[in-house]
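Enquirer: when you get a sec, could you give me coordinates for this:
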Amino acid sequence: KKYKPKPLTTLSIDDLTGLNTVKDDIKTIINSIKIEKLRGGKVYPGHYIFQGNPGTGKTTVARILGNKFKELGVLSKGHFIEVKRDDLVGEYQGHTAVKTKEVLNKALGGVLFIDEVYSLRNGAGDDFGMEAINTIVPFIEDNRQNMIVVIAGYSQPMNEFLSTNPGLKSRFNTTIDFEDYNTDELYEIFKGVSKDFNWNETTTKKIKDYLSNMIMNKDENFGNARDVRKFFENIKKHQINRLVEYSDLVDNDSRLYEFIVNDINYDEIYYIIYSWKGIEFNGIHNCEILGLLSGLSNTLSIENFGK
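Expert: Numbers count the residues shown, from 1 in each chain. Prediction:
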């Protein structure tokens, strides 16, 4: 099932790119627990709201949190379970409570990560979603000494959801905001996902130009690290199609692991479209669109396109 526990992560919070404010928040939470344990007080791991755009590391941070709390002796297992609405909501009245409680019981001793939690409440008549919420609230209060629940999603729908569910909101006393990555951070992420490849300075500049443009033209669908991974796959696709034309390639040829500037085949057509007065182009970060445009750029010259 989707909520099968995942193994503990070996990452630490300092291993992550960017997220400086998030790192400070997590370190403060951990330090507070350490001090409270020294004082001999009762320590609870807490429940948390992680809000921000996709691809900003919310899931990874939640896994790290579970691992760290296990080290501190606050959680008995530290395992991680990620769920969405479909994993909690049943098919008929009464089934949701059973299904939700099953997930909650599996999460005891670890972290339950509920992604896009606001999808549990699809309007005032969503009785199944409300049944899941009404099951979650007393359970996480009764078991707050040995589990963490993290509810995650976009900031605006999260605030709207919590404002209509005060019982749920009162159980989450810490909100952590995950900001979008900047260009340098996205480039570090790109280097991480493409660690088996190399490229020269000219290609570096083109990669950074793309990432910068991706940020400048971001919209509500901006995927941060997810879009970087799509960008990497797009480059690799162009590289593969280029390499297959070579007749002299051998096993472990160095060219198999090299990106060149022509593998990032989008600039020409993109800059024409985006700078063309009156044309709005917000989807630059979508690699499928870029792939289509780069294909068009092979058949259309700048002069002809301008006409």
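Enquirer: for the residue nearest in space to the middle of the chain, which non-adjacent residue is spatially closest?
Expert: In the chain, the centroid-proximal residue (CA atoms, centre = their mean) is residue 55; its distance is 2.7 Å. Excluding the flanking residues, the one nearest residue 55 by CB to CB, 6 or more residues apart in numbering is residue 224, at 3.3 Å. (Each C-beta comes from the backbone N, C-alpha and C, glycine too.)
Enquirer: quick one, helices of the stretch 1-150 of the chain?
Expert: Using DSSP state H, counting those that start in this stretch, the helices assigned to the stretch 1-150 of the chain run over residues 20-39, 58-71, 85-88, 95-107, 127-142.
Enquirer: so can I have CSV of the ones you listed showing mean pLDDT, distance to residue 258 and mean neighbour count?
Expert: Output for these, formatted as CSV (pLDDT from 0 to 100; distance: least, CB to CB, whole Å; neighbours: other CB atoms under 10 Å):
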stretch, mean pLDDT, distance to residue 258, mean neighbour count
helix 20-39, 94, 33, 14
helix 58-71, 94, 29, 22
helix 85-88, 92, 43, 18
helix 95-107, 94, 45, 18
helix 127-142, 89, 50, 18
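Enquirer: which among these is found nearest to residue 218?
Expert: Among the helices of the stretch 1-150 of the chain, helix 58-71 comes nearest to residue 218, with 17.4 Å by CB to CB.
Enquirer: and the angle from the closest one to helix 20-39?
Expert: Put simply, helix 58-71 runs at 20 degrees to helix 20-39, going by axes from the mean of the first three to the mean of the last three CA atoms, to 10 degrees.
Enquirer: just want the angle from helix 58-71 to helix 95-107.
Expert: 50 degrees.
Enquirer: so which elements touch helix 58-71?
Expert: helix 20-39, strand 48-52, strand 80-83, strand 111-115, strand 148-153, strand 174-178 (3 or more CB pairs under 8 Å, 6 or more residues apart in numbering; DSSP states H and E).
Enquirer: quick one: distance of the last one to the chain centre.
Expert: The gap between where strand 174-178 is centred and where its chain is centred comes out at 14 Å by CA atoms, centre = their mean, to the nearest Å.
Enquirer: now it - C-alpha only, PDB.
Expert: This file holds the C-alpha atoms of strand 174-178, laid out as PDB (Å, rounded to 0.1, in the frame of the first residue of the first chain):
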ATOM      1  CA  THR A 174       4.400  25.000  14.800                       C
ATOM      2  CA  THR A 175       4.300  26.200  11.200                       C
ATOM      3  CA  ILE A 176       7.400  26.000   9.000                       C
ATOM      4  CA  ASP A 177       7.400  27.900   5.700                       C
ATOM      5  CA  PHE A 178       9.400  26.500   2.800                       C
END
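Enquirer: can you name the next helix or strand after it?
Expert: Heading C-terminal from strand 174-178, the first helix or strand you meet, by DSSP states H and E, is helix 183-193.
Enquirer: can you give me the helices in the stretch 201-307 of the chain?
Expert: 201-216, 225-243, 267-275, 287-297, 302-306.
Enquirer: now do the longest one: distance to the chain's middle.
Expert: Right, helix 225-243. So, by CA atoms, centre = their mean, the centroid of helix 225-243 is 19 Å from its chain's centroid.
Enquirer: repeat for stretch 204-211
Expert: The answer for stretch 204-211 is 22 Å, by CA atoms, centre = their mean.
Enquirer: rebuild the helices and strands packed on helix 58-71 as TSV, extending it with distance to residue 138.
Expert: Listed next are those as TSV, based on distance: least, CB to CB, whole Å:
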stretch	distance to residue 138
helix 20-39	24
strand 48-52	19
strand 80-83	18
strand 111-115	15
strand 148-153	12
strand 174-178	20
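Enquirer: what sits against the residue nearest to the centre of the chain?
Expert: Taking CB atoms under 8 Å, 6 or more residues apart in numbering as the criterion, residue 55 is in contact with 223-228.
Enquirer: now do 10 Å
Expert: 178, 180-181, 186, 189, 222-230 (CB atoms under 10 Å, 6 or more residues apart in numbering).
Enquirer: equivalent analysis for residue 12, please.
Expert: 23, 64, 67-68.
Enquirer: what's the closest of these to residue 29?
Expert: residue 68 (9.1 Å).
Enquirer: relative to residue 196, how far out is residue 252?
Expert: Separation of residue 252 from residue 196 (CB to CB, to the nearest Å) stands at 12 Å.
Enquirer: please apply the same query to residue 258.
Expert: Counting by CB to CB, the gap from residue 258 to residue 196 is 11 Å.
Enquirer: tell me which of the two has more neighbours.
Expert: Legend: neighbour count by other CB atoms under 10 Å for residue 258 and residue 196, higher for residue 258 (15 against 7).
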